[in-house]
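1. this one's sequence-less:
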Ligand code: ADP
Ligand code: MG
């Protein structure tokens, strides 16, 4: 990394940082409804080598980018400019300055093994890597949660994706060997130990290779639907609707909003049930909750696709204890909770099913709960 930094920028890097991608175990589309989520950080991360600059310029290069240095004056940063991949890191620097932090320019060199657009949050990893590098380059007194919120602001206001805060919180705050139980209303969280291997279990991630595009308006439409339903129900957010009051609320809602509300309310309840089980160390019992979460996002929220449904069905038939599409939806990745000895067979079964169906070959790997953003060197 530092060698490549020198080749690109002709100077010496001051340090190297990493911020991971994530998979969400359960709690989908709940984060912008003030609800609960339960992600883990992946071993896959965006790494950044960085050095401060004194001339007020921000220079950005990514090994997975566009083969050129994006060079911009800090004063010229504005939502939408730059509007390439560089908008994610530039947006973080913009958000820091908007929040009143006295930061100057920098050279940033990125290299990542988080697959992009695969529902594994490469965008949040890119933002959080930038945020933590800037924290250290400019000695900012910012907590992990504050870095996450600034990164979310960059994605919302600078890049223009109306995402919730889960991805950035996962990338910034997760710890090794644990899932992050996050209440997105007040950003309180705790680490929930998740030592699957000790119980002979593994988490298989299957990238369906169907690229979702969160900027395409579908996500914004779902978010607006949820917020509109909350307003009709006289609630601050759908998180405030208890499961016990669901039937009555559904009867009062227009037919296009009722399924959205049912998904969000039952999904919050699934996160809470999952936490109860994990706290008791009953990891295998998580399986049916994952599968029920998939049915809910497929049938009620309508954010699944043929490839994700096939991956889930096939994984279950091959012995997975539970499976669901993870991430914002419309493709991306599927997770499957599997007995370790079946992990390879489940992966093969899904690959074969995709071949038979004429779908692009998926990519699968085992995920262990990993560490959030940190300094490497
Ligand atoms: P996800 O976050 O699920 O991977 P997004 O659509 O939110 O998908 O973010 C993907 C976008 O993030 C890419 O299109 C690209 O602009 C940017 N990105 C992610 N990782 C990198 C990287 N290593 N280098 C350059 N751009 C990246
Ligand atoms: Mg993203």
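-> Perfect, thanks for sending it. All values derive from a computational prediction rather than experimental measurement. Ligands and ions are numbered 1, 2, ... in the order given.

2. Remind me which helix or strand residue 274 belongs to.
-> Taking DSSP states H and E as the criterion, residue 274 maps to helix 258-279.

3. Give me the buried positions along that helix.
-> 258-271, 273-275, 278 (16 or more other Cβ atoms under 10 Å). Quick note: C-beta positions are derived from backbone N, CA and C, even for glycine.

4. how near is the closest residue to residue 40 other than its chain neighbours to residue 47?
-> Excluding its sequence neighbours, the residue lying closest to residue 40 (Cβ to Cβ, 6 or more residues apart in numbering) is residue 369, at 4.0 Å. Here the criterion is Cβ to Cβ, to the nearest Å. By it, residue 369 lies 19 Å from residue 47.

5. the more surrounded of these two?
-> residue 369 (27 against 20; other Cβ atoms under 10 Å).

6. measure that one to residue 184 for me?
-> For residue 369 relative to residue 184 (Cβ to Cβ), the value is 19 Å.

7. again with residue 69
-> 36 Å.

8. Next: residue 345.
-> Taking Cβ to Cβ, one finds residue 345 at 36 Å from residue 184.

9. With residue 341 instead?
-> 36 Å.

10. Repeat that for residue 150.
-> For residue 150, the distance to residue 184 (Cβ to Cβ) stands at 16 Å.

11. what helices or strands is the longest strand seen in the chain leaning on?
-> When the chain is parsed with DSSP state E, its longest strand is strand 39-53. Contacting strand 39-53 under the criterion 3 or more Cβ pairs under 8 Å, 6 or more residues apart in numbering; DSSP states H and E are the following elements: helix 2-9, strand 15-24, strand 105-112, helix 122-137, helix 166-173, strand 178-183, strand 363-367.

12. Highest mean neighbour count out of those?
-> Greatest average neighbour count among those goes to helix 166-173 (a mean of 30), per mean count of other Cβ atoms under 10 Å.

13. and that helix, what other elements does it pack with?
-> Judged by 3+ Cβ pairs under 8 Å, 6+ apart, the packing partners of helix 166-173 are strand 15-24, strand 36-37, strand 39-53, helix 122-137, helix 144-153, strand 178-183.

14. Report the mean per-residue pLDDT for the first one.
-> Going back to what we said before, that points to strand 15-24. Average pLDDT, strand 15-24: 98.

15. Adjacent strands (with direction) for that strand?
-> Sheet pairing for strand 15-24, assigned by DSSP bridges, gives strand 39-53 (antiparallel), strand 374-375 (antiparallel).

16. Whatever helix or strand comes next after the first one pairs with which strands, and in what direction?
-> Meaning strand 39-53. Using DSSP H and E, the helix or strand that follows strand 39-53 in sequence is strand 57-62. Sheet pairing of strand 57-62 (DSSP bridges) gives strand 70-73 (antiparallel), strand 105-112 (parallel).

17. Low-confidence stretches in the stretch 201-350 of the chain?
-> 213-216 (pLDDT under 70).

18. quick one: the helices in it?
-> Per DSSP state H, counting those that start in this stretch, the stretch 201-350 of the chain carries helices over the ranges 218-232, 246-252, 258-279, 286-299, 306-317, 343-357.

19. Save those helices as a markdown table, and put in distance to residue 30 too.
-> Below are the helices of the stretch 201-350 of the chain laid out as a markdown table (distance: least, Cβ to Cβ, whole Å):
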| stretch | distance to residue 30 |
| --- | --- |
| helix 218-232 | 9 |
| helix 246-252 | 14 |
| helix 258-279 | 5 |
| helix 286-299 | 10 |
| helix 306-317 | 18 |
| helix 343-357 | 26 |
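
20. which stretch among those helices comes nearest ligand 1?
-> helix 218-232 (9.7 Å; Cβ to the nearest ligand atom).

21. from the middle of its chain, how far away would the closest one be?
-> Offset of helix 218-232 from its chain centre (Cα atoms, centre = their mean, to the nearest Å): 20 Å.

22. contact partners of it?
-> 29, 32-33, 161-163, 236-238, 240-241, 252-254, 256-257, 260-261, 264, 301, 303, 328-330 (Cβ atoms under 8 Å, 6 or more residues apart in numbering).

23. What of stretch 52-59?
-> 9, 14, 69-75, 77, 90, 93, 104-108, 137-138.
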